[in-house]
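*Asks:* I need the structure of the sequence given here:
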Amino acid sequence: MDYFKKLLDLLNKEKDEDRNTYLKLTENTSAADRRAQGLSWYPIAIRNTEPGRGDYLSVEVERTTHQDLSHQLRFGVPAALFSNHDPKKDRVEGLITYQGGNRLKITLYTDELPDWSRDGKLGIDLLFDNNSYDEMLKAIKHAAILNAKPDEGRLVKILTGKSAAIFADDVIPVPISRLNISQLAAVNKIVAAQDLAIVHGPPGTGKTTTLVQAINLLAKQTHKQILVVAASNTAVDLLSEKLADEGINVLRIGNPNRVSEKLVALTLDSKMTAHADNKLIRTLKKQASAYKDMAHKYKRSFGKSERDQRKALFNEAHKIMKDVALAEQHIIDDLVSKAQVITATLVGSNHYTIRDVKFDTVVIDEAGQALEPATWIPILKAQKVILAGDHLQLPPTIKSTEAAKAGLSITLLEKCVALHPEAVVLLDVQYRMNEAIMGFSSREFYEDKLKAHASVANRLLFNGDIPVTFIDTAGAGFEEQQAGTSTFNPDEAALLFKHLNRLVTAIDPTVKFPSIAIISPYKEQIRILKEQLQNNPDLIPHADDISINTIDSFQGQERDVVYISLTRSNSDGEIGFLSDIRRMNVAMTRARKKLVVIGDSATLTRLKFYADFVDHAEKLGGYQSAWEYSGD
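*Replies:* Got it, this is the predicted structure:
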C-alpha cells in the first residue's frame, strides 16, 4: 500500500478507537462521573465574559470545588458549557483558549450567554477532539499530493526514503565552549543540513542544551524564522524558556503548562496585552459590550420598534467587533513577523495565528514520542527539519492495538534513523547517572557507546554503597494478584519499603535527604505502594522527597534514588507489558546515584533483557535475595 494511504488508514483506525473510548466514557454518565474521569469541571462559576473572535463570546470560568482532581481540559481542545438542569439540551459548544490552575477561558460559538446559564449548576465538558485528527488527516493528504508530484515535495521524498539527505560541505564549525564533542557534532550537522538532521539523545546526554545552542546559531546566522515544536507542552515550555534565556525573541503559541512569569510573558496573549495598539482594542470591546448590554434590555418582544432597536444595537456591536478583529489581526501579524522563534505543540503549529506562515527550519523535539501523522503538520511548513529525541525510550501513546501493530507505533524518527544514518548524530556523554547505572542501558540499547561524564561517573549515595541492586523474590511466595485489568503484589511492595527503611538509616542524617522515585508499570501497584508509604511511620517525615508513580509520569525527570517494583510473579512466566523494554529503559535511567529493582527472576528472566540485568547486578555485587529481609 502507498506510504500515505497506509498512514491515513492507520490514523482513521486510531480515530475510531479514540472516539469509541470517549463515547463509552461519556454516554449516559453523570457530571460527577465525568468529573472523576477528568472529562469535566463541575460545578463552575462564570467570572467574566467579553466579546471574542468573530461574533463569538469569550467566557472565563473557575472550578469552584474538587480542585485537586486531575483533568484533561487543555488549550485548543473543544468543550461545552452545560447546565445540570437539562445537560443534553442546555449546552453550548466552544473551544478552550486558555487553561491555568482552576481557571479557563472558553470561546463559545454564540454571541450571548443563553438564558439557561442563570439556572442550575453549570459545568464544562470536554468534547471529542475532532480538531486534532482533522489537522493530522489534512497534513497526510497534503503530504501525499506533494509526494506524487515529481518536481515538488523534496523534503517529503527525503523523509519517506525516496531521496538522500544533503549536507553543505563548506560549513565552518563554530566553537561553543559549553558543549562536548558529540554535542558540537550535532550542532554542526544541523547547520550543514539542507533538509534533514537527526539528534539522537539518550537519557541525560544534554539534548535540550544542544538544540538550544543550534537554534541560537541558526537564528543568528540565517536571520530566518524557526518553528520549534514538541509532542508535549512540558517540552515546549522548557525549550521556550531556555531559548528566551539566550536573548532570542520567542513567541509561544498556546498557553504553558508551568505558569511562571517568564513563560507567560512569551505567550501570544501576554504580548498582545502589552502591545501598544491594545488600548484601542480594549476601548472597542467595551463599546461592543455596552451596545450588547443595551440590546439585552429588550429581552421580551414589546413591539416592532423595540425589536428594531434591539437589532440596531446588535448590528452596531457586530460592526465594532469587526474592527476589533482587524486590529487584533494587525497585532498578531506584527508579533508573528518579529519573532525569531515560534514555539508550539505539534497540532498547535497550525493555530490560526500561524496557519499560513512558512519557516526555513522546523525543529521537532521529543520526536520519539510523536505520532507520525502529527509530525507532518509542522513539517509541511518547513524547508528543512531537525528531528530530536530517542526512539529507544517511550513510544507515542496509541489507543488502537490494531493500528499500533500495523505500524502506527513506529515514529518518523525511528524510520528516518534507519533510512538516513548519515543524518544522525548520537550524543554519547551523559551527565546524570553513575556509570554502573548507565552501563546496562548503554549495552542493551546504545551499542555500548555511552560514556559517563567525570562529574557523575562515580558518584554514590554514600561511600561504599553499591549503585545497582536487584532484589530477587523468586521462591519467596510473592504471588501477583489481579484487580480488574491491573496487577499488584503487596508482598513485593512491603519488601521495597523494608529495603528503603534500611537505606534511610544508612544515610548520614547531617546531609540533605536524597530525592527518591518509586516506580511501577502497574497502576494498582502504585496505589498499594502509596498506601504502604502512608502507613510507614519512619518514612512519613521524608514523604515530600518520595514520589510514587508510573513510568510514563517520570519521563524526562531524574532522582537520586529510583526503586522499580516489577510486580509480576507467576509460574507461567507471564510478564505482560514488562516486555516493552523501552519503557524499562526510561525507568532505569531516571536514577542518578542508586537504582534498586525488585522482581521475581524465575518469572522475568525468560526475557533475555531481564536475564542480562540480573547478570549486570550480580557482577557489581548488587544481587540480593528477598530472604535476606525475612527477619525485618
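*Asks:* Tell me where the stretch 301-450 of the chain is predicted with low confidence.
*Replies:* Across the stretch 301-450 of the chain, the stretches falling below the confidence threshold (pLDDT under 70) are 301-303.
*Asks:* now the strands for it?
*Replies:* With strands called from DSSP state E, counting those that start in this stretch, the stretch 301-450 of the chain shows them at 341-345, 359-365, 382-389, 424-426, 429-430.
*Asks:* want to throw these into a markdown table with distance to Gly573 and mean neighbour count?
*Replies:* For the C-beta atoms, the positions are set from N, CA and C on the backbone; glycine is no exception. Converted to a markdown table, these look like this (distance: least, Cβ to Cβ, whole Å; neighbours: other Cβ atoms under 10 Å):
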| stretch | distance to Gly573 | mean neighbour count |
| --- | --- | --- |
| strand 341-345 | 40 | 27 |
| strand 359-365 | 38 | 24 |
| strand 382-389 | 33 | 24 |
| strand 424-426 | 34 | 20 |
| strand 429-430 | 33 | 22 |
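*Asks:* Need these in CSV (columns: distance to Ala276).
*Replies:* Below are the strands of the stretch 301-450 of the chain laid out as CSV (distance: least, Cβ to Cβ, whole Å):
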stretch, distance to Ala276
strand 341-345, 21
strand 359-365, 26
strand 382-389, 32
strand 424-426, 44
strand 429-430, 47
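*Asks:* which one of the ones you listed lies closest to Thr473?
*Replies:* Across these, Thr473 has its closest neighbour in strand 429-430 (30.2 Å, Cβ to Cβ).
*Asks:* Report the distance from that closest one to the chain centre.
*Replies:* The chain centre lies 24 Å from the centre of strand 429-430; the measure is Cα atoms, centre = their mean, to the nearest Å.
*Asks:* Does anything pack onto the helix or strand hosting Lys279? Which helices or strands?
*Replies:* Using DSSP states H and E, Lys279 sits within helix 278-296. Packed against helix 278-296, as judged by 3 or more Cβ pairs under 8 Å, 6 or more residues apart in numbering; DSSP states H and E, are the following elements: strand 40-51, helix 304-338.
*Asks:* Okay, now the sheet partners of the shortest one, with direction.
*Replies:* When pairs are called by DSSP bridges, strand 40-51 turns out to pair with strand 57-63 (antiparallel), strand 122-126 (antiparallel).
*Asks:* which parts of that strand are buried?
*Replies:* Under the neighbour-count criterion of 16 or more other Cβ atoms under 10 Å, strand 40-51 has 40-44, 49, 51 buried.
*Asks:* Quick one: mean pLDDT over that strand.
*Replies:* Averaging pLDDT along strand 40-51 gives 92.
*Asks:* Contacts for it, please.
*Replies:* With Cβ atoms under 8 Å, 6 or more residues apart in numbering as the contact definition, strand 40-51 has outside contacts at 31-32, 34-35, 57-66, 71, 73, 84, 103-104, 111, 113, 117, 121-126, 285, 288-289, 292, 317, 321, 324.
*Asks:* Could you do stretch 481-497 as well?
*Replies:* Residues outside stretch 481-497 that contact it (Cβ under 8 Å, 6+ apart): 471, 473, 476-480, 518, 522-525, 527-529, 532-533, 536, 539, 563, 565-569, 576, 596, 598-599, 626, 629.
*Asks:* Then stretch 163-183?
*Replies:* Here stretch 163-183 makes contact (Cβ under 8 Å, 6+ apart) with 154, 157-158, 184, 187-189, 191-197, 205-206, 209-210, 213, 217, 420, 422-423, 425-429, 453.
*Asks:* go on, stretch 513-523?
*Replies:* Outside stretch 513-523, the residues within contact range by Cβ under 8 Å, 6+ apart are 461, 486-488, 496, 500, 507, 526, 529, 533, 542, 545-551, 554, 557, 559-567, 577-578, 583, 587, 590-591, 593.
*Asks:* rewinding a little: and the helix holding Lys279, C-alpha only, in PDB?
*Replies:* The C-alpha atoms that make up helix 278-296 are tabulated as PDB, following Å, rounded to 0.1, in the frame of the first residue of the first chain:
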ATOM      1  CA  ASN A 278      -4.100  47.000  22.500                       C
ATOM      2  CA  LYS A 279      -5.600  50.100  24.200                       C
ATOM      3  CA  LEU A 280      -7.800  50.700  21.100                       C
ATOM      4  CA  ILE A 281      -9.000  47.100  21.200                       C
ATOM      5  CA  ARG A 282      -9.900  47.300  24.900                       C
ATOM      6  CA  THR A 283     -11.900  50.500  24.200                       C
ATOM      7  CA  LEU A 284     -13.700  49.000  21.200                       C
ATOM      8  CA  LYS A 285     -14.600  45.800  23.200                       C
ATOM      9  CA  LYS A 286     -16.000  47.900  26.000                       C
ATOM     10  CA  GLN A 287     -18.200  49.800  23.400                       C
ATOM     11  CA  ALA A 288     -19.400  46.500  21.900                       C
ATOM     12  CA  SER A 289     -20.200  45.100  25.300                       C
ATOM     13  CA  ALA A 290     -22.200  48.300  26.200                       C
ATOM     14  CA  TYR A 291     -24.200  48.000  23.000                       C
ATOM     15  CA  LYS A 292     -25.000  44.300  23.700                       C
ATOM     16  CA  ASP A 293     -26.000  45.100  27.300                       C
ATOM     17  CA  MET A 294     -28.400  47.800  26.000                       C
ATOM     18  CA  ALA A 295     -29.800  45.300  23.500                       C
ATOM     19  CA  HIS A 296     -30.400  42.700  26.200                       C
END
